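Peer 1: Model the following, please.
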Amino acid sequence: MISPSNYQDTLTAGLQLMNKKKYTQAITLWQSALADSQLSPNQKGELLNNIGVAQRLNKQAKNAIATLQQAQEQFALTQDLYHQGQTYGNLGDAYAANKQWSQADDAYNQGLLFLEDASHPDARSAQAQLLRTLSLFQLRRRQWLVAIFTMERSLTTNPRRTLGQTTLWLLLRFATRLINP
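Peer 2: Below you'll find the model as predicted:
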């Protein structure tokens, strides 16, 4: 059985490998930790979510999709809305990397629904980040006006905006008025 400190050490070591772009090593480390039968569903979900992100970054989008779906199943067991929302965001990224546009859009929006209902202290910040990701996805899909509205929504979702975010918000409002008087 992995102790809580060893579990946290494993997560941290894997994230350090990810920061060094050693995705295969991070995947291997986290997969070996999954072998522990004493892990809670949330711990399994967190490991699977991290593995899925590493797989996507390692250009293994199809594997990432399957892994992130497994992570989603683990978080659903405990009704962890915050981690379900984050995992759906990562799933959206994996679908987009695999050029499955409709599924990516659905996953991003599903993630937003979970984050809107989550009571986690970081839920609003995560929701704002996912909205920014969705806005960039919409820009890549040439959905200009929708992307502007989504970005504006992301900036109003997080009440602790920086000066740069406030400036961007004002520019978006100006662009919206130019496009749609």
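
Peer 1: ok, residue 154 - how many residues close by?
Peer 2: Neighbours of residue 154 under the rule other Cβ atoms under 10 Å: 23. From N, CA and C alone the C-beta is placed, and that goes for glycine too.

Peer 1: OK, contacts around it?
Peer 2: Contact analysis of residue 154 by Cβ atoms under 8 Å, 6 or more residues apart in numbering lists 128-129, 131-132, 134-135.

Peer 1: do residue 90 as well
Peer 2: Going by Cβ under 8 Å, 6+ apart, residue 90 touches 49, 52-53, 56, 64, 68.

Peer 1: For this protein, give me the ranges with low pLDDT.
Peer 2: For the chain, the stretches flagged by pLDDT under 70 are 1-5, 158-166, 168-170, 172-181.

Peer 1: again, only this time at 90
Peer 2: 1-8, 35-38, 116, 118-119, 121-125, 128-129, 132, 135-136, 138-181 (pLDDT under 90).

Peer 1: wait, isn't residue 109 in contact with residue 134?
Peer 2: Yes - in terms of Cβ atoms under 8 Å, residue 109 counts as a neighbour of residue 134; the distance is 7.5 Å.

Peer 1: In terms of neighbours, single out the busier of these two.
Peer 2: Between residue 109 and residue 134, residue 134 has the larger neighbour count (other Cβ under 10 Å), namely 25 against 13.
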